[in-house]
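> quick one: sequence plus predicted model below, questions after.
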Amino acid sequence: MPSVPAQVTPSRTAMADPGPLHRLDDLEAEARLRLDPVHRDFFAGGAGDERTLRANETAFDAYRILPRVLRGGGERDLRTELLGETLPMPVLVSPTAFHRLAHPEGEVATARAVGAVGTVLVVSMASTTPIEAVAEAIEPSDRSARLWFQLYPQPDLGFTASVVSRAEAAGCRALVVTVDSPVFGRRDRDLRNGFLDLPPGYCCENMRDPETGRVRDIVMDATLDWARIEWLRATTRLPIVLKGILHPADARLAVAHGVDAVLVSNHGGRQLDGVPASIDALPAVVAAVGGRIPVLLDGGIRRGTDILTALALGAVAVGVGRPVLWALAARGERGVSQLLDLLRAELARAMTLAGAVRPADLTREMILDRVPG
Ligand SMILES: Cc1cc2nc3c(=O)[nH]c(=O)nc-3n(C[C@H](O)[C@H](O)[C@H](O)COP(=O)(O)O)c2cc1C
Ligand SMILES: CCCCC(=O)C(=O)O
């Protein structure tokens, strides 16, 4: 397998205290200074012409918040019920691969930071730290991160079952099955950069064969179908979240197959270019599901007002992907905590200004859509 060409050596000297974080955007700028440009392109990039990647963020421009006033309420309460648990806020960390390319402490640093706020970290199947080590890193804390495990179902059912068992044994509380990747998206930046595999010394630790210790490649399986979801349903007692639902008909099928939640996502614009921005696909999925299971969303969430918009349009919670990688690369564990604190503070302020005390107070009528730019 080709390794990554040597590029700049990111500066990893002892980080001075980066100070407070005022804007999420600052993290990306700081990360750019520290990351190998090839890895930065892998994190930042999308498929094809990156139309969907851009749309994920810009689509929020077409929505306006119609606030209510004189509703009082004092302190905001961001607590969110999801899959039988109470999260401190409606924000999850979406699964992203290869955190050790962002920071030497990788997924362990991410998990500790997520633990500090006690929300959900969806650990990628393509994590560069084994799920057991991620779980151990957060064990001693009383405000632990809740770990969910993201799965690319593999054609080898025995191996898939063994990965699911590992996730269960490590204490993961849900299985997030990615269904938008029957084949890998075509990503021009990575092709140009020759980034086809992890550099020496890193691997997808969750792909280690329990018997041989050999690390398998992740297979994007074009035979994946609803029968395999039924098989998974019968294989695990963990709640199953389908990640990568965009079509309302698929959302209805998800409900019919006993899935516990759907995550409206286009994989951060990295799979099929030309699909709608996640926020634009959300309302039809919410309508199709009709409250029977929770609907989550990721893609382009960068501000508290983006979270507010998604919740008002019917999402129960949202995920963030790239911002976590920028935070990790820029400031390590502290950066990820600062990012989550910033999103929480921005959401609380936006809710206060919009007259909502709790997420449940955010309703469809508070959003005007198709506002011309
Ligand atoms: C560098 C990178 C790696 C990703 N790796 C995975 C992955 O391993 N599994 C997965 O289901 N989604 C993966 N995703 C998609 C994210 O879970 C999420 O859907 C997306 O990043 C959300 O959009 P955002 O980056 O605009 O927040 C990845 C995204 C990025 C940017
Ligand atoms: C095999 C790694 C998959 C990571 C991924 O899902 C992505 O880059 O979007």
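Thanks, I have it. Keep in mind the model is a prediction, meaning the values are calculated, not measured. Ligands and ions are numbered 1, 2, ... in the order given.

> which stretches in the protein count as strands?
For the chain, the strands defined by DSSP state E occupy 64-65, 80-82, 85-87, 91-93, 120-123, 146-151, 175-178, 240-245, 261-264, 295-298, 317-320, 367-368.

> parallel or antiparallel, list what pairs with the first one.
Spelled out, it's strand 64-65. strand 367-368 (antiparallel) (DSSP bridges).

> on that earlier part again, what's the closest of the strands of the chain to residue 351?
Closest to residue 351 of the strands of the chain, according to Cβ to Cβ: strand 64-65, at 10.1 Å. In this view, the C-beta of every residue, glycine as well, is placed from N, C-alpha and C.

> for the stretch 51-200 of the chain, which segments are assigned as helices?
Assigned by DSSP state H, counting those that start in this stretch, the stretch 51-200 of the chain shows helices spanning 51-58, 99-102, 106-117, 131-138, 157-169, 188-193.

> most packed of the ones you listed?
With neighbours taken as mean count of other Cβ atoms under 10 Å, these reach their highest mean count in helix 99-102, at a mean of 26.

> that one - contacts with which helices or strands?
With contacts defined as 3 or more Cβ pairs under 8 Å, 6 or more residues apart in numbering; DSSP states H and E, helix 99-102 has these neighbours: helix 37-44, helix 106-117, helix 322-354.

> repeat that for 7 Å
helix 106-117, helix 322-354 (3 or more Cβ pairs under 7 Å, 6 or more residues apart in numbering; DSSP states H and E).

> so can I have TSV of the helices of the stretch 51-200 of the chain showing mean pLDDT?
Putting the helices of the stretch 51-200 of the chain into TSV (pLDDT from 0 to 100) gives the following:
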stretch	mean pLDDT
helix 51-58	98
helix 99-102	98
helix 106-117	95
helix 131-138	94
helix 157-169	98
helix 188-193	98
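
> thinking again about what came up before, of the strands of the chain, which approaches residue 359 most closely?
When those are compared by Cβ to Cβ, strand 80-82 sits nearest residue 359, at 5.9 Å.

> partners of that closest one, with directions?
Within its sheet, strand 80-82 is paired with strand 85-87 (antiparallel), according to DSSP bridges.

> how far off centre is the strand it pairs with?
When distances are taken as Cα atoms, centre = their mean, to the nearest Å, strand 85-87 is centred 17 Å away from the chain's centroid.

> stretch 245-260 now?
19 Å.

> ok so, going back, minimum distance to ligand 2: which of the helices of the stretch 51-200 of the chain has it?
Among the helices of the stretch 51-200 of the chain, the nearest to ligand 2 by Cβ to the nearest ligand atom is helix 188-193 (8.6 Å).

> so the closest one, near ligand 1 or not?
No. Residues of helix 188-193 are not located near ligand 1 by Cβ under 6 Å from any ligand atom, the shortest gap being 10.2 Å.

> how about stretch 240-260?
Yes. Shown here: stretch 240-260 in contact with ligand 1 (Cβ under 6 Å from any ligand atom) through residue 243.
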